[in-house]
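Enquirer: Let's see this in three dimensions:
(chains A and B)
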Amino acid sequence: MTTLKVNGREHQVDADADTPLLYVLRDDLKLNAAKFGCGLGQCGSCTVIVDGRAVLSCVTPLLLVEGKQVTTLEGLGTIEAPAPIQRAFMEEQAAQCGYCIAGMMMRAQALLQRNSRPTDEQIRAELEPHLCRCGTHMRILRAVHRAARLMDTAEASPSSSRSAP
Amino acid sequence: MTASLRITASVIAIVMLAGAAAAYAVVWRPAIAAIDPPALQAFDATLIKRGRELAAIGNCNDCHTVRGGRNFAGGLPVPTPFGTIFSSNITPDAETGIGQWSEAAFRRAMRSGVNRAGQHLYPTFPYDHFTNVSDQDDQALYAYLMTRQPVHAPARENQLPFPLDQRPVIAGWKLLFLRSPTYRPDPAQSAEWNRGAYLVEGLAHCGACHTPRNALGAERTTAQFAGGDVDNWHAYALNERSSAPVPWNAEALFAYLRDGWHPDHGTARGPMAQVVSNLSSVPDAEVRAIAAYMAGKFGVPTPDRKREGEVALAKAKTPSGSSQVNATGASIYAAACASCHEGGRALPYGGVNLALSTAISSPDPRNATNIVLSGVRAVEGERSPIMPGFAASMNDRQISALLSYLRARFSNRPAWTGVEETIADARRTQTVLLQTSTGPRNAPSDPSQRDKP
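Expert: Residues are numbered from 1 along each chain as shown, chains lettered A, B, ... in the order given. Model (predicted):
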């Protein structure tokens, strides 16, 4: 049994140490946001956040995440209350088929957590490991910038007495 | 003053003056008159095209271009054991580049490491090899460089401690180590071999990375191609000390240098990536010549080496069960590496079976460490092999477990020592590594572009 912390909850998982994290998330925990794309760490659709850093879950064996905080897209927000990154991607209509988008959002989220105002260049460099065959790249870029602005507002609003216009 | 004292004083004065004159002769080089940057039409198109191929063989853009920067505008930091030296601007910009250099000034720089103004250049610029380049080839290189886009980019200040920051010191280095020429044709060998020797010992300057250097930074001629250091990577031995599991031969070398990969050896990455990217744009015959000459340097493999190679190839074909000796390493390998490296997908897009990897059989664990940490980045605008980096998902202890496992399972060499320190060092140099890692800059991968000057 391995103890796995996912989206703030602890799970006991009965899987071998060399099982890819992605399989455990999807098959055992029924968290289906992270996608199986290539299974080789080359497309980015399986990306999740582990201790604040974007990680390709299809090539990450379970033993590497023991005791660490795993965050999947489900951990960021819900349909009713989407997180800033999710809202931004919806508002920019950055998804077409959407298969790559969960991974894109996770890496963008990890980027924004350590750099709240990334440049175009930095976003491009960061998202380089992700493939999108629909070609919504320019919208994805805009969505990440929008998410950065939304996060600023979200962080400012609870402590701020100003009401939103 | 007595007569004898006067004589002694005169002798001392004369010796000192002679010494000063000798030192002056060693150090002083005249400036060569500035010219107005020549017009594009001054150069013949065929000569420019030839210069382009030669510049690719010389890998000039690798040091003289900052990643993402303008071609040949210089400014790339080159780390050396003595300090950091920044490459110079070799575009024909009059003020900050070589726009005012005559062909004679260019040839002098190539041959003896002196710039137009008469200053000695640091041997990071490998004139100890370029001294072998023919007048004709220097002329073509000059024509090519003088017809590039001029870029205004002032030189960056080198970071060297005193007295190494004093350029006259370089004259002393040259006195000790600069020999000219170091290559002479060998009539007993084929024309192809001789062409290869001319390129390898000259413009291609393979030894600059692959030959170890002495305490003063000069190549140890007695240990030619015994393996060296470059940018926190190990440049593998290219002689009989090669640790490639399968011995190299001329055919394999040609394919590797031409295409950037070979099924029995893997793909060229790290600092070698730019070299093969450049070599993909030059005529086959030149690469064949380099391969023929280098095959001679590796030598004919001994029966033992041959057998080892056959064993490695057989091992690569049959999947071996995982060992329980290092369960952490085995589990990481199974989930993170095997899907590509034992996936049965052909190179270059599948990973090489690690039983064939020189990174694993090399005595130096740095290359394997660098690749595990930062992966192999996609090359912009080209189909290329890629590998994810694992710096974010593994800690040093886990990477160390993985590397020890790979070494034990896939090579028959003794365990590496100091792996944890190597990993810590590699993590520290990541930023540098990523800034200076390569992508095609001046050698278009599109073959239809290759014939254009």
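
Enquirer: Could you measure from the spatially most central residue of chain B over to chain A?
Expert: Most central in chain B under Cα atoms, centre = their mean is residue B:209, positioned 4.6 Å from the mean C-alpha point. In this view, residue B:209 and chain A are 27 Å apart by Cβ to the nearest Cβ, to the nearest Å. Any C-beta I mention is one placed from the backbone N, CA and C, and that applies to glycine too.

Enquirer: do residue B:97 as well
Expert: From residue B:97 to chain A the distance is 26 Å (Cβ to the nearest Cβ).

Enquirer: where does that residue fall, phi/psi-wise?
Expert: Per-residue torsions, residue B:97: phi -110, psi -140 (degrees, to the nearest 10).

Enquirer: I'd guessed it sits against residue B:89; true?
Expert: Yes: between residue B:97 and residue B:89 there is a contact at 4.3 Å, judged by Cβ atoms under 8 Å.

Enquirer: thinking again about what came up before, identify the residue nearest the residue nearest to the centre of chain B in space, chain neighbours excluded?
Expert: Leaving aside its sequence neighbours, residue B:209 sits nearest to residue B:235 (Cβ to Cβ, 6 or more residues apart in numbering or on different chains; 3.9 Å).

Enquirer: next one: residue B:345
Expert: Of all residues not flanking residue B:345 in the chain, residue B:351 sits nearest, at 8.0 Å (Cβ to Cβ, 6+ apart).

Enquirer: And that neighbour, what's its pLDDT?
Expert: Looking at residue B:351, its pLDDT reads 93.

Enquirer: Residue B:277 and chain A: what is the separation?
Expert: Distance of residue B:277 to chain A, given as Cβ to the nearest Cβ: 18 Å.

Enquirer: what's around that residue, how many residues?
Expert: By other Cβ atoms under 10 Å in any protein chain shown, 26 other residues sit near residue B:277.

Enquirer: Am I right that it is in contact with residue B:260?
Expert: Yes: assessed by Cβ under 8 Å, residue B:277 is found in contact with residue B:260 at 7.0 Å.

Enquirer: Now do the helix or strand harbouring residue B:295: everything it contacts.
Expert: Assessed by DSSP states H and E, residue B:295 sits inside helix B:284-298. The contact list for helix B:284-298 (Cβ atoms under 8 Å, 6 or more residues apart in numbering or on different chains) reads B:53, B:57, B:190, B:192-193, B:195-197, B:199-200, B:204, B:206, B:224-225, B:238-240, B:242, B:247-251, B:253-254, B:257-258, B:279.

Enquirer: swap the cut-off to 7 Å and go again
Expert: Where contact means Cβ atoms under 7 Å, 6 or more residues apart in numbering or on different chains, the residues beyond helix B:284-298 that reach it are B:57, B:192-193, B:195-197, B:199-200, B:204, B:225, B:238-240, B:242, B:247-250, B:253-254, B:257-258, B:279.

Enquirer: which residues pair with the residue nearest to residue B:209 across the strands?
Expert: residue B:228 (DSSP bridges).

Enquirer: Settle this for me: it is touching residue B:208, isn't it.
Expert: No: proximity of residue B:235 to residue B:208 does not meet the contact threshold set by Cβ atoms under 7 Å, at 8.8 Å.

Enquirer: who's more crowded, the two?
Expert: More crowded of residue B:235 and residue B:208, by other Cβ under 10 Å: residue B:235, with 23 against 20.

Enquirer: Excluding residues flanking it in the chain, which one is nearest residue B:95?
Expert: Leaving aside its chain neighbours, residue B:95 sits nearest to residue B:152 (6.6 Å; criterion: Cβ to Cβ, 6+ apart).

Enquirer: Just the pLDDT for the one you found.
Expert: pLDDT, residue B:152: 98.

Enquirer: returning to what we had before: check the contact lists of residue B:97 and residue B:89 and give me the overlap.
Expert: Common neighbours of residue B:97 and residue B:89, using Cβ under 7 Å, 6+ apart, are residue B:151.

Enquirer: separation between the closest residue to residue A:122 other than its chain neighbours and residue B:373?
Expert: Once flanking residues are discounted, residue A:122 sits nearest to residue A:115: 6.6 Å by Cβ to Cβ, 6+ apart. Separation of residue A:115 from residue B:373 (Cβ to Cβ, to the nearest Å) stands at 21 Å.

Enquirer: repeat for residue B:88
Expert: For residue B:88 relative to residue B:373 (Cβ to Cβ), the value is 31 Å.

Enquirer: Which one of these two is surrounded by more residues?
Expert: Shown here are residue B:88 and residue B:373; by other Cβ under 10 Å, residue B:88 has more neighbours (25 against 20).

Enquirer: give me phi/psi at the more buried one?
Expert: Dihedral pair for residue B:88: phi -100, psi 160, per degrees, to the nearest 10.

Enquirer: contacting residues around it?
Expert: Applying Cβ under 7 Å, 6+ apart to residue B:88 gives the contacts B:74, B:155.

Enquirer: Distance check, it against chain A.
Expert: Using Cβ to the nearest Cβ, residue B:88 is found at 26 Å from chain A.

Enquirer: which parts of chain B sit against chain A?
Expert: Within chain B, the residues that sit near chain A (Cβ under 7 Å from any Cβ of the partner chain) are B:328, B:331-332, B:334-336, B:339-340, B:378, B:386, B:388, B:392-394, B:398.

Enquirer: Sort those residues by pLDDT and name the bottom one.
Expert: Ranked by pLDDT, these bottom out at residue B:378, which scores 81.

Enquirer: Surely residue A:12 is within a helix?
Expert: No: using DSSP: H, G, I helix; E, B strand; the rest coil, the secondary structure at residue A:12 is strand, not a helix.

Enquirer: which residues of the stretch 201-350 of chain B score low on pLDDT?
Expert: B:320-324 (pLDDT under 70).

Enquirer: What residue in it comes nearest to chain A?
Expert: residue B:335 (3.4 Å; Cβ to the nearest Cβ).

Enquirer: leaving aside the residues next to it on the chain, what's closest to that residue?
Expert: With Cβ to Cβ, 6+ apart, the residue lying closest to residue B:335 is residue A:61, at 3.4 Å.

Enquirer: cool, and residue B:185?
Expert: That would be residue B:194: by Cβ to Cβ, 6+ apart, it lies 4.9 Å from residue B:185.

Enquirer: circling back: in helices only, show me the contacts of helix B:284-298.
Expert: Taking DSSP state H, the ones among the contacts of helix B:284-298 that sit in helices are B:57, B:192-193, B:195-197, B:199-200, B:250, B:253-254, B:257-258, B:279.

Enquirer: can you redo the residues you listed as CSV with neighbour count?
Expert: As requested, the ones in helices among the contacts of helix B:284-298 are exported to CSV (neighbours: other Cβ atoms under 10 Å in any protein chain shown):
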residue, neighbour count
B:57, 25
B:192, 16
B:193, 18
B:195, 19
B:196, 26
B:197, 23
B:199, 27
B:200, 26
B:250, 20
B:253, 23
B:254, 21
B:257, 24
B:258, 19
B:279, 24
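
Enquirer: okay if I get those residues as TSV plus distance to residue B:231?
Expert: Shown next, in TSV, are the ones in helices among the contacts of helix B:284-298 (distance: Cβ to Cβ, whole Å):
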residue	distance to residue B:231
B:57	20
B:192	31
B:193	30
B:195	29
B:196	26
B:197	27
B:199	23
B:200	21
B:250	28
B:253	22
B:254	26
B:257	20
B:258	23
B:279	19
